[in-house]
Every structure is written in C-alpha cells, then in structure tokens.
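Undergrad: Need a 3D model of the following:
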Amino acid sequence: MKQRVYIDTSVIGGCFDKEFEEWSNRLFDDFKSGKRIAVISDVTLDELSDAPLRVQDNFNTIDGSFLEVIISDSESRKLADLYVNEGAVSNKYYEDALHIAISTINQVNVLASWNFKHIVNLDRIRLYNAVNLKNGFPILEIRTPREILKFEDDEN
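TA: The predicted structure follows:
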C-alpha cells in the first residue's frame, strides 16, 4: 500500500523556496510518479487559491490518481477545537489545527509541513498527540519532507 502523505501549502510553496525546494520537489516527484499519494484538504485548496500562479500550476502537475482530497467536517472541526482548548495552538492559527485534525481523523501515514512554528514543532506535536490519545484517536506522524525522504537516502 502506498504511503498517504498529507501536505499543507508550505510544502507546495516550498518547491519555489531556496531553503526547501530540494526536499519539496523530491516529494512532489514521488507524488507525480505514483510512489506516494498526496493528500490534501479543502482547507489546503482554500489556502492554495491565494498562492502565486506558479505554485498553483505546480500543484496541478500531480495526477488525480495519485491525489486524495479530504473535506473538513464537523468531526475534524471538533478535534481542531480541542487542540485550541488544550493550548496546542491558539485560535489565531485554527487552520493549522484543522490540518492536524483532518490528517488524524483520516488516518494519513504522515503529515508533511515546513511550518515549524505551529505544526512541525516537537512541543506542539506532543500536545496534538496527547489530545488525540485522550480522545481515542491515533498518534499522528508529523514531519518535514526532508525527514520523510531522508530515511530512504540512508537505505541506498
């Protein structure tokens, strides 16, 4: 079974950022070749609509058969509210909590992000997963694209 990787807009935009482009583009290559499945949500699509055209165009290079779109629902919003209530993230960054909640509820293999402040942050990851466990949800792996791909480099 192919790995399902939830990506937020930082990964998509990272394809054009000098600091992140190598790893974002390598992950995109995996999506384009069908090695992994790109998972996004309606939240990601809304954020992407405000992105530069080249970022939107690059995203559209992923074949639909290697892309899964998940729609946020009342269950994911309820879990995102719990993250906010437990102090994992402030309400100002609710969309970040929603990315985590959508990924958790839909049991993706890993969430990929370059958002070090609100998502790929050890203390926050622990808080997100504490809320998950407390409420009967599984632990969510949250990593950068580099961490996801690095292990494979070590295998060669």
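Undergrad: Surely residue 88 and residue 128 touch.
TA: Yes: the pair residue 88 and residue 128 passes the contact test of CB atoms under 8 Å, sitting 5.2 Å apart. For glycine as for every other residue, the C-beta is placed from the backbone atoms N, C-alpha and C.
Undergrad: Which neighbours do those two have in common?
TA: Each of residue 100 lies in contact with both residue 88 and residue 128 under the rule CB atoms under 8 Å, 6 or more residues apart in numbering.
Undergrad: The two - which one has more neighbours?
TA: Just comparing residue 88 and residue 128: by other CB atoms under 10 Å the higher neighbour count belongs to residue 128, 29 against 24.
Undergrad: elements contacting the helix or strand containing that one?
TA: Residue 128 belongs to helix 122-134 when assigned by DSSP states H and E. Packing partners of helix 122-134 (3 or more CB pairs under 8 Å, 6 or more residues apart in numbering; DSSP states H and E): helix 74-85, helix 94-105.
Undergrad: For residue 47, which of those helices is the nearest?
TA: helix 94-105 (7.1 Å; CB to CB).
Undergrad: Paired strands for the helix or strand following the closest one, with orientation please.
TA: Next helix or strand after helix 94-105 toward the C-terminus (DSSP H and E): strand 110-112. Applying DSSP bridges to the sheet, strand 110-112 is found paired with strand 3-7 (parallel), strand 142-143 (parallel).
Undergrad: Please point out which parts of the first one sit buried.
TA: In this case it means strand 3-7. Buried residues in strand 3-7, counted by 16 or more other CB atoms under 10 Å: 4, 5, 6, 7.
Undergrad: Return the closest of those with respect to residue 103.
TA: residue 6 (4.3 Å).
Undergrad: Distance of residue 77 relative to residue 143?
TA: According to CB to CB, to the nearest Å, residue 77 stands 24 Å off from residue 143.
Undergrad: shaky segments in the protein?
TA: The chain contains residues with pLDDT under 70 at 151-156.
Undergrad: out of residue 77 and residue 143, which sits in the busier spot?
TA: More crowded of residue 77 and residue 143, by other CB under 10 Å: residue 143, with 18 against 15.
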